[in-house]
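Peer 1: Need coordinates for the following:
(one chain, ligands or ions: 3)
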Amino acid sequence: KRNFNIVVLPGDGVGPEVTKAAQRVLTCLGDIYGHTFSFTEHLIGGAAIDATGTPLPKETEAACVAADAVLLGAVGDPKYDGKPVRPEQGLLTIRKSMGLFANLRPLQVSPALSHRSPLKREIVEGTDLLVFRELTGGVYFGERTRTDTSASDLCTYTVEEIERVTRAAFKAAEQRRGKVTSVDKANVMETSRLWRETVTRIHAEEFPNVTLEHALVDSAAMHLILRPRDYDVILTENMFGDILSDEISVLGGSIGLLPSASLGSDGPGLFEPIHGSAPDIAGQDKANPIGTILSAAMMLRHSFQLEDEADSIEAAVAAVQASNQVTRDLGGELGTEAATRAIIDAIRAIHWAAARHVP
Ligand code: NAD
Ligand code: IPM
Ligand code: MN
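Peer 2: Ligands and ions are numbered 1, 2, ... in the order given. Down below sits the predicted model:
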C-alpha cells in the first residue's frame, strides 16, 4: 500500500476525455488495493500555448521530472497548422528532457476482437507483438533548416543512442518469445547502416540466445500485414516506429486500443496512448479510452511494479471485449464514458469473485 504522485497532462482534443477515463480506473484500483494515486494536472500542447504562449511551460517540465510517473492524453489541433509554435513541440521536448529513449507499443489481437479488424480474422488472430520505438533521436531531433525554396531535416544517430534502445529491446525479447526484428533502411540510409551494425554487434556480444533478424522498412510494412503473428519484438528508429505502429494498430481494429510506455534509464516514465488528439471526434464522448487505460496498466507494471493491479486492468478490458461491448471505432455502441464504466465494473466484478474464494 503506497502513495503515487502522477502528473496528468490531458493536452488537446480527446486527450482530456481519455486521461479522465484512465484516472477513474486507477482510482478504482487504488480503492481495491489500498494505494493512493494522487493526480496533478499540468498544461501541455495547444492548451498550454493558449494559456501561456508555450507548448511546454517550465512548471509542467519540472512537475514531470519530479513525478512518480506521467500520464498523457494527446496534443495537437488543426488550428495551429502553419503557426510558428506547434503543440507537438511540447511532447517532443518533454520526451527529450525526461530522457525517454524507449517507447514500448504492444499489440495483442485477442479472439474476442479479431473479427473487428478490417483484415481477415485468420491472419490477425493471436498476434502478439511489441514495438520498441527509439524516441529521442533521429530525424525528429536533427537540425532543421528552411528557406523560401528549400528545407531540410537532419537524421542523426549515435552508437550510444542505438545501443541503449537495442539492449532494452533484447531484454524484453528474453522475457517473451525470444525474437527481435530490427527494422531499418540500410539499403539507402547511413543512419540505418550504423543501426544495423550496432544491433548486430550487441546481439552477438550480449544476447546470442535471442533470435535476430533484420528487415527493410518498406517490406516490413507489408509483411506486418501479411503475417503479423511471426513477429515478437520489433526494434526500430523514431520515425519508422511512429509510422509502423499506426499501421499495426489496424490489425487490432482501432488505433484507439493501443497503449504505450516511454521509458529512460532512470527517472519517471511517461504513459500515453499511441493515437493523437482525434479532433474529428473530440468532445463527443466517442473516443475509445482503452489505449489510455492500458497505458495506465503499463504505468502500474513498469513504474510502480504493481503487477497484480496491472493484470486486473488488462483482465477487465479483455472481459468487456469478450462480452462484445465495444466503442464506435470498432463498430459498437459504447461511448467513452460507458466504456470506462464497463471496465470499472469488470474490475470490481473480478475482485468480488476473487474475494469470495478466500477461505
Ligand atoms: P489521430 O490519431 O488523432 O486520429 C487518426 C484517426 O483515428 C481519426 O479518425 C481519429 O478519430 C481516430 N482515433 C484516434 N484516436 C481514437 C480513439 N481513442 N478512439 C476512436 N478513434 C480514434 O491522428 P491525426 O488525425 O493524424 O492527428 C490529429 C492531431 O493529433 C495532430 O495534431 C497530430 O499531430 C496529433 N497527434 C498527437 C499524438 C500524441 O499526442 N501522442 C499522436 C498522434 C498525433
Ligand atoms: C506519436 C505522435 C507524435 C510522434 C507527434 C504528435 C509528435 O505521432 O506519439 O506517435 O510523431 O511521435
Ligand atoms: Mn504517431
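Peer 1: Any chance of the backbone angles for the residue in the stretch 51-200 of the chain positioned nearest to ligand 2?
Peer 2: In the stretch 51-200 of the chain, the residue that lies nearest ligand 2 is Glu88 (4.0 Å; C-beta to the nearest ligand atom). (Glycine included, C-beta is placed from N, CA and C.) The phi and psi values for Glu88, taken as degrees, to the nearest 10, are phi -60, psi -30.
Peer 1: ok, it touching Gly76?
Peer 2: Yes. Here Glu88 reaches Gly76: they are 5.7 Å apart, a contact under C-beta atoms under 8 Å.
Peer 1: one step back: roughly how far apart are the residue of the stretch 51-200 of the chain closest to ligand 2 and Ala355?
Peer 2: 45 Å (C-beta to C-beta, to the nearest Å).
Peer 1: who's more crowded, those two?
Peer 2: Glu88 (17 against 9; other C-beta atoms under 10 Å).
Peer 1: Relative to Asn238, how far out is the more buried one?
Peer 2: Here the criterion is C-beta to C-beta. By it, Glu88 lies 13 Å from Asn238.
Peer 1: pretty sure Asn288 is touching Gly332, no?
Peer 2: No. If you go by C-beta under 8 Å, Asn288 and Gly332 don't touch, sitting 9.5 Å apart.
Peer 1: burial count for the residue of the stretch 151-300 of the chain found nearest ligand 1?
Peer 2: Nearest residue of the stretch 151-300 of the chain to ligand 1: Gly276, at 2.3 Å (C-beta to the nearest ligand atom). Gly276: 21 surrounding residues under other C-beta under 10 Å.
Peer 1: My guess is it contacts Val18. True?
Peer 2: No. Between Gly276 and Val18 there is no contact under C-beta under 8 Å: 11.1 Å.
Peer 1: Could you tell me which residues touch both of these two?
Peer 2: Ala74 (C-beta atoms under 8 Å, 6 or more residues apart in numbering).
Peer 1: elements contacting the strand or helix carrying Ala62?
Peer 2: In this assignment (DSSP states H and E), Ala62 forms part of helix 58-66. Applying 3 or more C-beta pairs under 8 Å, 6 or more residues apart in numbering; DSSP states H and E, one finds that helix 58-66 contacts strand 3-11, helix 87-97.
Peer 1: out of those, which comes closest to ligand 1?
Peer 2: Of all the helices and strands packed on helix 58-66, helix 87-97 sits nearest to ligand 1, with 4.9 Å by C-beta to the nearest ligand atom.
Peer 1: Which positions in the stretch 251-359 of the chain make contact with ligand 1?
Peer 2: Listed as neighbours of ligand 1 in the stretch 251-359 of the chain under the rule C-beta under 6 Å from any ligand atom: 254-256, 272, 275-281, 287-288, 291, 329.
Peer 1: Now intersect those with the strands, please.
Peer 2: When these are checked against strands (DSSP state E), there are no matches.
Peer 1: Among those residues, which lie within helices?
Peer 2: Gly291 (DSSP state H).
Peer 1: now, the most widely separated pair of the residues of the stretch 251-359 of the chain next to ligand 1?
Peer 2: Glu272 and Asp280 (19.1 Å; C-beta to C-beta).
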